[in-house]
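# Provide a 3D model corresponding to the input given below.
(one chain, ligands or ions: 1)
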Amino acid sequence: MQITGLATAVVEGNFDWTYVRLYTDEGFTGTGECFLAPGLTAICRELTPILLGEDPRDVDRLFRKLQWSTSGAGSVAGIIYNAISGIEAALWDLTGKAAGLPIHRMLGGKFRSRVRMYADCHAGEGLEALTSVMLTRAPSWLSESERQGHVSRSYWATGGSDAPTAEDYARRARQIAALGYTALKFDLDVPNPHQIDEYNHGITNNEVNYMVGLVRAVREAVGDGIDLAFDCHWRYTVADVLKVAYGVEPYNLLWLEDPTPPENTDALLRVTQATRTPICTGENLQLRQGFRALVQSGAAHVISPDLQKCGGLLEGKRIAEMADLHYIPVAPHNISSPIGTMAAAHVCAAIPNFLALEFHAHGVPFWQDLAVGHEGPIIDQGYITVPDRPGLGIELNEEIARKYARPGEPFFAEV
Ligand code: MG
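Residues are numbered from 1 along each chain as shown. From the prediction side, this is the model:
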């Protein structure tokens, strides 16, 4: 079997859901999803000559061939791996279809048939839709009233006027927990009405009190039986974020995510060693090389590789195995459509130290409709049942995908 072509498409969900599809001379195709990045589909398409004529079932060798071909552009990290991760997932989908095996079977088989999902509740009521450079946008699927008056702004800007209240968080927590989820996550950093400087990594006492109040409200809303995580998006100094970590210790979190900037494992270790609140990080790291210092130092209690950018499904399993040597559980970050989410679910089924997989698209009305080949809801009562059908086990619904395709992007151009 030989690869004969590669094509891409982008759907405007709450993020740019970026697809890469591989074609073969035997009629099999494979589809993978990449984590968004500016210029990403052009990168994917430029990689086509590296793959043409190759047997798609040599997945690991082709992964390394793609790495070498782009080593000058990003040998250990960067958006090259967003592209390679999507292509690698497409190779597994293709290989599984050709072999008649589901992806999890090719990764060593299942530890579990049902994958526990946690719901990202963002910042209370609003579902933010973001471009590839983190500007807010009003996509076509929002209601007219939601679109009206929308002004694009930076996700990172200092906020205040539209800051959620503790009651907003509590209400959202009760709503989502009622859907059957056993774990929820909220943003703890944006937008804080008391923030006075968006660049200095500081947290004032008023901000600390506001943040601890949000956590208390969610815990009181859902009780002790629901796991709770809160995300800080790499914003803070060690000393200041520890005030937050200490303040939320009574609420027994599943984890506090990304308390300090992502590039400094030593700083993160100082946070981790000083608080009883478990610390999670990893969504911006690539490859085992990227996770090695983090895992070996014990700077994270939980790691959160993103399978659409960490290097692919097999690399994700290898990262999990490395973490398992240190008894560190894995809770993959995930903001993808059903295609990427299901690919991640196959990995989650095939690793021993799985904790929970993120779902970030509550409020995107067509998320479920983007998949065909799956009976009933993909996420049911907070779990995904991993399909035993060949490959990914679902296909992209092209009619729905085309309807919400990003303007100006190719849509699986004929090859
Ligand atoms: Mg996060």
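
# shouldn't I319 be in contact with Q289?
No - applying C-beta atoms under 8 Å, one finds I319 not in contact with Q289, separated by 9.8 Å. Every residue, glycine included, has its C-beta placed from N, CA and C.

# With neighbour numbers in mind, choose between these two.
I319 (30 against 13; other C-beta atoms under 10 Å).

# hang on, that one in a helix?
Yes - when DSSP: H, G, I helix; E, B strand; the rest coil is applied, I319 is found to be in a helix.

# where does it land on pLDDT?
I319 is assigned 98 on the pLDDT scale.

# who are the neighbours in contact with it?
287-288, 291, 303, 305, 310-311, 330 (C-beta atoms under 8 Å, 6 or more residues apart in numbering).

# Tabulate these in a markdown table, adding columns for neighbour count.
A markdown table is the format used below for the contacts of I319 (neighbours: other C-beta atoms under 10 Å):
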| residue | neighbour count |
| --- | --- |
| L287 | 20 |
| R288 | 18 |
| F291 | 24 |
| I303 | 28 |
| P305 | 30 |
| C310 | 32 |
| G311 | 26 |
| V330 | 26 |
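
# Could you export the residues you listed to CSV, including columns for secondary structure and distance to the ion?
Converted to CSV, the contacts of I319 look like this (DSSP: H, G, I helix; E, B strand; the rest coil; distance: C-beta to the ion, whole Å):
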residue, secondary structure, distance to the ion
L287, helix, 19
R288, helix, 21
F291, helix, 16
I303, strand, 12
P305, coil, 12
C310, coil, 14
G311, coil, 18
V330, strand, 14
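
# As JSON lines, these with distance to E249 and pLDDT would be great.
JSON lines is the format used below for those (distance: C-beta to C-beta, whole Å; pLDDT from 0 to 100):
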{"residue": "L287", "distance to E249": "33", "pLDDT": "98"}
{"residue": "R288", "distance to E249": "32", "pLDDT": "98"}
{"residue": "F291", "distance to E249": "27", "pLDDT": "98"}
{"residue": "I303", "distance to E249": "21", "pLDDT": "98"}
{"residue": "P305", "distance to E249": "27", "pLDDT": "98"}
{"residue": "C310", "distance to E249": "30", "pLDDT": "98"}
{"residue": "G311", "distance to E249": "35", "pLDDT": "98"}
{"residue": "V330", "distance to E249": "24", "pLDDT": "99"}
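
# Can you show me the helices along the stretch 151-300 of the chain?
Listed in chain order, the helices of the stretch 151-300 of the chain (DSSP state H, counting those that start in this stretch) span residues 166-177, 205-222, 238-247, 265-274, 287-297.

# Ok, which of the ones you listed comes nearest G86?
Closest approach to G86 among those is made by helix 287-297 (15.3 Å; C-beta to C-beta).

# And for the closest one, what's in contact with it?
Residues lying outside helix 287-297 but in contact with it, judged by C-beta under 8 Å, 6+ apart, are 76-77, 81, 265-266, 268-269, 281-282, 285, 299-300, 303, 305, 310-311, 315, 318-319, 322-323, 325-326, 328.

# hmm, try it at 7 Å
By C-beta atoms under 7 Å, 6 or more residues apart in numbering, the surrounding residues in contact with helix 287-297 are 76-77, 265, 269, 281-282, 285, 300, 303, 305, 310-311, 315, 318-319, 322-323, 326, 328.
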